[in-house]
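Asks: Return a 3D structure for these sequence lines:
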Amino acid sequence: MRETRIKDSPEGAQNRLLRTLAEALEAETGDAYFSSVVQRLAEALKVEYAFVSELTRGGTHFRSVALWARGKRGENFEVPLAGTPCEAVLRGEAVHFPDRLQQLFPNDPGLVDWGVVGYVGVPMVQRGGEIIGHFAILSERPLVSGDLAIDVMRIFAQRAVAEIERTRAERALRDSEKQWSELYEDAPIAYIYEGTDSRFVSANRAAQKLLGLKAEEVRGTLGRSLIASTPETQGRVAEALAAVQRGEERAGIELELRRKDDGRPVWVQWWSKPDPDGRYTRTMLVDITDRVMAQQERARLQQQNLYLREEIKSEYNFEEIIGASAALQKVLKDVDRVAATDASVLIMGETGTGKELVARAVHARSSRKDKPLVKVNCAALAPGLVESELFGHEKGAFTGASERRIGRFELAHAGTIFLDEVGEIPPEIQVKLLRVLQEREFERAGGSTTIRVDVRVIAATNRDLGKAVADGKFRQDLFYRLNVFPVKMPPLRERGEDLRLLVSYLLDRHAKRMGRRITHISGDTLERLTRYEWPGNIRELENVIERAVILSSSEELEIGSDVLPVPVTPSSAQASRSLDTAADEPAAAGGSLEEIERRHIVETLRATGWRVEGPDGAAKRLGLNPSTLRSRMKKLGISRSRDAAS
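Replies: Model prediction:
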């Protein structure tokens, strides 16, 4: 067998070898260093294999970091330490096995696979004595002398230790930076790194969202430009920045800012800690906008001396129509448009929404304002009296007509007539009303003289007249004559922003009338008023306020659940009342629950002369809102023409 001898070189030759290797590896770092060093060692020491390893699995295995095998880079491997020539090396010894390697370590199959017989290994020892891996060279021929190899490998093992430590430190630093970067970016609190002149270097996502900044806008943004221009805030910021520039920390300072994108105000608490070099500072912003706005609102409500009537009128009142909501403003614009004309107006809306006020506003802004506005509540009239009420009657026209009566149309001559709940007019009277609208003339009941009138007609209804026309309960031609200019009055639940103005107006009016001094409303009361659905609209609101003023014993208005209960849905309320009614019905009445309920409503209507509203109306007796009762009557098919005498 031929032998490969690595003779002890003279000192000069050794130095030249080291210098050649060092120069070749000078610029290499990290993985590139290890790949290069094993290649250079194998080529310089003329061996087939060279590798550098690190201990794994608690020291029971080792894994190659770089492998040079038969003139090329090999695939890294991991093997158990026990039974290998590397075991002694990784205990801290420099080992040289010149020959017979496979016989010495029969349990290491890798030696057979590689076909090697000679081995030199040098441990890599970290500061503090910890062994972290080793360098090894293996040859297919005997390695007679390994002194030069050991000396050279020890030198590069030290460099390798330093490189491993540096690599580990870099990896740890990268991991740490990544971790802190993720924490910084994903933190729910706004963080900013900025110069002490307030120029941003970086800002996390929470800061960008809070301040209305795009990612590309962050760097270079001057934080001071986002400060609200109020003298107080500007002064506070100037003082704080001066302190930061002196190297002093500032904590918990409340500031008002303006978002960069839309200029909306935000309020923050500001913390800033300067770096030791005095050039940069780390800033934290905590969003307190909701808290500040809640405090402002609470202070306003507590200090609020509910607007005097004159103040409300000067800003929002329109012939006693209170509000500034978009829905109401549309109504008022419609009123202004139509008031100057003589066109018929049909005001639609739920009971209690203020339809009569709209009618008064149209009249007050018309050329007829100095003439009478005559109101007729069509729902409050008995069927037999509707004609007489509207058109008048002659003496002796019917039993009890002891004298001539002037009708409302005649009284309204040159002025305006307001037909409230026009949908309740019986079909036979609808024909005569249509004639008045078309021809401006009529005859009194029992008379033959034609009376001509100049009357503007304003009608109002809480019914769906279009559906009534389709159902044959209202004349189509009359509907078209009334519906020349429709005005839709929104319910109070769609005018949330008007509620406080209405409360202010009504409270002021009733408090003055009763001689009470009430200066503000409790927060709970405002919340209760705001959350209530107001099925009875403004009329119900006024009743609640008046009752609360009567019950009030201090300068603070309070409305409890006894005055304003938690609202129930109409369906649940009706179901409850229907069940109560059914329970009181005689068992002999029989029929379904709906039939029993229908009979009960019809009997109540008959007892009240078919009067729905008012203190003696059916709605009052049944404990229902009039609009709710009308809705129930419609659903059950109850009508005066059908059920009055049945």
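Asks: Please pull up the helix or strand immediately following the helix or strand bottoming out on mean pLDDT in the chain.
Replies: Ranked by mean pLDDT, DSSP states H and E, the helix or strand of the chain with the weakest confidence is helix 309-315, at a mean of 37. Elements were assigned by DSSP states H and E; along the chain past helix 309-315, the next helix or strand is helix 326-339.
Asks: Quick one: neighbours of the closest residue to Thr604 other than its chain neighbours, just the number.
Replies: Nearest residue to Thr604, sequence neighbours excluded (CB to CB, 6 or more residues apart in numbering): Ala618, at 4.6 Å. In short, each C-beta sits where N, CA and C put it, glycine included. By other CB atoms under 10 Å, 24 other residues sit near Ala618.
Asks: Go ahead and report the secondary structure state at the residue nearest the centre of the chain.
Replies: In the chain, the residue lying closest to the centroid (CA atoms, centre = their mean) is Asp290, at 12.6 Å. Under DSSP: H, G, I helix; E, B strand; the rest coil, Asp290 falls in the helix class.
Asks: mind listing what it touches?
Replies: If you count contacts by CB atoms under 8 Å, 6 or more residues apart in numbering, Asp290 has none.
Asks: biggest helix in the chain by residues?
Replies: Using DSSP state H, we find that the single longest helix of the chain is helix 147-186.
Asks: Now Leu622. Nearest residue, chain neighbours left out?
Replies: In space, Leu622 is closest to Thr604, 5.8 Å off (CB to CB, 6+ apart).
Asks: isn't the one you found right next to Gly623, touching?
Replies: No - taking contacts as CB atoms under 8 Å, Thr604 lies outside contact range of Gly623: 10.6 Å.
Asks: Mind checking which of the two has more residues around it?
Replies: Per other CB under 10 Å, whichever of Thr604 and Gly623 has more neighbours is Thr604, with 19 against 11.
Asks: Surely that one is in a strand?
Replies: No - according to three-state DSSP, Thr604 belongs to no strand; its state is helix.
Asks: Strands along the stretch 501-646 of the chain, start to end?
Replies: Under the criterion DSSP state E, counting those that start in this stretch, strands of the stretch 501-646 of the chain are mapped to 520-521, 556-557.
Asks: Tell me which of those sits nearest to Glu170.
Replies: strand 520-521 (66.5 Å; CB to CB).
Asks: that older thread, now tabulate the strands of the stretch 501-646 of the chain in TSV and tack on distance to Asp186, mean pLDDT and mean neighbour count.
Replies: Below are the strands of the stretch 501-646 of the chain laid out as TSV (distance: least, CB to CB, whole Å; pLDDT from 0 to 100; neighbours: other CB atoms under 10 Å):
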stretch	distance to Asp186	mean pLDDT	mean neighbour count
strand 520-521	44	82	20
strand 556-557	47	85	18
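Asks: what's the closest of those to Ser448?
Replies: Across the strands of the stretch 501-646 of the chain, closest to Ser448 is strand 556-557 (CB to CB), at 59.6 Å.
Asks: Give me the contact list for that closest one.
Replies: Leu507, Ile518, Thr519, His520, Ile521, Ser522, Thr525, Ala548, Val549.
Asks: Output the below-cut-off pLDDT ranges for this protein.
Replies: Applying pLDDT under 70 to the chain picks out residues 1-29, 296-320, 565-593, 644-646.
Asks: which residues in the stretch 351-500 of the chain form strands?
Replies: Using DSSP E, counting those that start in this stretch, strands in the stretch 351-500 of the chain cover 373-377, 392-393, 405-406, 416-420, 441-443, 450-452, 456-461, 485-488.
Asks: How about the stretch 201-350 of the chain?
Replies: Using DSSP E, counting those that start in this stretch, strands in the stretch 201-350 of the chain cover 250-258, 265-274, 280-287, 345-348.
Asks: what's the most buried one of those?
Replies: A comparison of these by mean neighbour count, using mean count of other CB atoms under 10 Å, puts strand 345-348 on top with a mean of 24.
Asks: Only C-alpha atoms, please: export that strand in CSV.
Replies: The C-alpha trace of strand 345-348 is given here as CSV (Å, rounded to 0.1, in the frame of the first residue of the first chain):
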residue,chain,number,x,y,z
VAL,A,345,-101.4,69.8,-0.7
LEU,A,346,-101.6,66.2,0.7
ILE,A,347,-99.6,65.8,3.9
MET,A,348,-98.9,62.1,4.7
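Asks: Provide the strand pairings for that strand, with the direction of each partner.
Replies: Its sheet considered, strand 345-348 pairs with strand 456-461 (parallel), strand 485-488 (parallel) by DSSP bridges.
Asks: List the contacts of the longest one.
Replies: Residues from elsewhere that reach strand 456-461, judged by CB under 8 Å, 6+ apart: 342, 344-349, 355-356, 358-359, 362-363, 366, 368, 415-423, 436-437, 482.
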